[in-house]
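>>> A predicted structure for the sequence below; I have some questions about it.
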Amino acid sequence: MIEASGLARSFGSGRGRVEAVAGLDLAVAAGEVVGLLGPNGAGKSTTMRMLATLLAPSAGRARVAGRDLRTDPGGVRRRIGYVAQGGGTGPDVPVAEELDLQARLYGVADRGARTAELLHRLDLADLAGRPCGTLSGGQRRRLDVALGLVHAPALVLLDEPSTGLDPHSRAGLWEHVAGLRDREGTTVVVSTHYLEEADALCDRVLIIDRGRVVAEGSPADLKRRVSGDVIVVEPGAGAEFGAGGGTGAPGSPGVLERARAALAVRPEVHEVAVAGGRLRLRVQDGERAVPQVLRSLEAAGLPVASLSLARPSLDDVFLAVTGRPLGEAA
Ligand SMILES: Nc1ncnc2c1ncn2[C@@H]1O[C@H](COP(=O)(O)OP(=O)(O)OP(=O)(O)O)[C@@H](O)[C@H]1O
């Protein structure tokens, strides 16, 4: 459904030049849900916009939905649905009318039936008469997806579909997207910086950092590549665990840094990262390592509020391949 090689795009020139996408290869088979996962600024939206023909690549080539991106952009556009980050329609236009307009734009034969079907499928039927401007964030994103599906495309590109949604609306949206693949065999490429989204929704994930694919595989495969367990340590009361935040005089090392230093020398600790005011330690055998970790922190005079043991997440995969946690890699 997509075959892209060496896809690249830079912005600006001279010293201010930004290589947003730096040679990306991508192969997506029909019926797959593929995620582009990466931190802010990784190049996800630029990739999506190139695949949607909205932005010309600086280099590389791609076939999208059976058409060449450079020589037949119109052909690509007719065959795909693209849902951008921010929906932008007139706030007073009712939901059903908005869908009808889009159907007319694409020359959909039976507009009434298609609109009714999409309203039903994306749980929008009760909102058909409501002005678009009055929808909640989750309802708006469902309408955006419906708009992208109006011409029944074989491939849908969803750019960060659940950014800004609460967890409940997000889970609802995932269900709808998974339904597209399961019921209609629609191919979906979705960009996201949410690990849980990539994990829950995608058959395959490409982890993108600084415009390049740094790892690729099913979420389970990717996690298997990071061997061992993860121990997450939260600071105890009285200890300021903010990165670099000190408990002593200015310039004295922060508690988090002291904890990192105390643990980095332990032979059973393969890697220590600081994310969200916590320490994430990668160890081979979590159950055996926990008591040793606690003893080391105690010996260093560092209080612990909580400690948990987990299997590696996609965050740990990102950390293993880039050396930085995803949440702090922007
Ligand atoms: N029109 C533009 N002009 C200049 N730089 C741009 C332009 N569009 C994107 N960039 C830069 O290219 C890089 C990649 O941006 P892009 O929007 O593709 O990232 P992203 O992974 O989608 O990030 P986010 O999750 O924040 O949307 C960033 O450094 C961004 O500032």
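Sure thing, it's come through.
>>> near the ligand, which residues of the stretch 151-300 of the chain show up?
His193 (Cβ under 6 Å from any ligand atom). (Glycine included, C-beta is placed from N, CA and C.)
>>> for the ligand, what's the nearest residue on the stretch 151-300 of the chain?
Of all residues in the stretch 151-300 of the chain, His193 sits closest to the ligand, at 5.1 Å by Cβ to the nearest ligand atom.
>>> what's around His120, how many residues?
11 (other Cβ atoms under 10 Å).
>>> correction: Gly112
Gly112: 11 neighbours (other Cβ under 10 Å).
>>> how far is the helix or strand containing it from where the chain is centred?
Secondary structure assigned from DSSP states H and E places Gly112 in helix 111-121. When distances are taken as Cα atoms, centre = their mean, to the nearest Å, helix 111-121 is centred 29 Å away from the chain's centroid.
>>> tell me which residues in that helix are buried?
Neighbour-count burial for helix 111-121, counted by 16 or more other Cβ atoms under 10 Å, picks out 111, 114-115, 117-119, 121.
>>> what does stretch 210-225 give?
210-216, 219, 222-223.
>>> ok, residues contacting it?
8, 19-26, 42-43, 46, 198-199, 202-208, 311-314, 316-318, 320-322 (Cβ atoms under 8 Å, 6 or more residues apart in numbering).
>>> what's opposite the residue positioned nearest the centre of the chain in the beta bridge?
Among the residues of the chain, Thr192 comes closest to the average C-alpha position under Cα atoms, centre = their mean, at 1.8 Å. Using DSSP bridges, the bridge partners assigned to Thr192 are Leu37.
>>> now Leu158
Beta-bridge partners of Leu158, as defined by DSSP bridges: Val83, Val190.
>>> burial measure for it, as a count.
Leu158, neighbours per other Cβ under 10 Å, totals 27.
>>> that one: what's it in contact with?
Applying Cβ under 8 Å, 6+ apart, the residues near Leu158 are 83, 145, 148, 177, 188-191.
>>> can I get those residues in a markdown table with neighbour count and pLDDT?
Putting the contacts of Leu158 into a markdown table (neighbours: other Cβ atoms under 10 Å; pLDDT from 0 to 100) gives the following:
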| residue | neighbour count | pLDDT |
| --- | --- | --- |
| Val83 | 22 | 87 |
| Val145 | 24 | 88 |
| Gly148 | 20 | 88 |
| Val177 | 23 | 88 |
| Val188 | 25 | 95 |
| Val189 | 27 | 97 |
| Val190 | 26 | 95 |
| Ser191 | 27 | 95 |
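>>> what's the longest helix in the chain?
Of all the segments of type helix in the chain, defined by DSSP state H, the longest one is helix 167-184.
>>> helices or strands next to it in the packing?
Helix 167-184 sits against strand 33-37, helix 137-149, strand 187-192, helix 195-201, with contacts defined as 3 or more Cβ pairs under 8 Å, 6 or more residues apart in numbering; DSSP states H and E.
>>> show the average pLDDT along the shortest one.
Averaged across strand 33-37, pLDDT comes to 96.
>>> I figured Leu256 was touching Val274, is that so?
Yes. Counting by Cβ atoms under 8 Å, Leu256 does reach Val274; the two are 5.5 Å apart.
>>> the two: who's more crowded?
Between Leu256 and Val274, counted using other Cβ under 10 Å, the more crowded position is Leu256 (24 against 19).
>>> centre of the chain to the host helix or strand of that one, how far?
Using DSSP H and E, Leu256 falls within helix 255-264. Chain-centre distance of helix 255-264: 30 Å, with Cα atoms, centre = their mean.
>>> where along the stretch 201-330 of the chain do the helices fall?
Along the stretch 201-330 of the chain, the stretches classed as helices by DSSP state H, counting those that start in this stretch are 219-225, 255-264, 286-299, 314-322.
>>> which parts of stretch 168-181 are buried?
For stretch 168-181, by 16+ other Cβ under 10 Å, it's 169-170, 172-174, 176-177, 180-181.
>>> wait, I meant stretch 257-272
For stretch 257-272, by 16+ other Cβ under 10 Å, it's 257-260, 262-263, 266, 268-272.
>>> likewise stretch 80-87?
For stretch 80-87, by 16+ other Cβ under 10 Å, it's 80-85, 87.
>>> need the residues you listed in TSV with distance to Gly14, can you?
Formatted as TSV, those follow (distance: Cβ to Cβ, whole Å):
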residue	distance to Gly14
Ile80	34
Gly81	37
Tyr82	31
Val83	34
Ala84	29
Gln85	28
Gly87	35
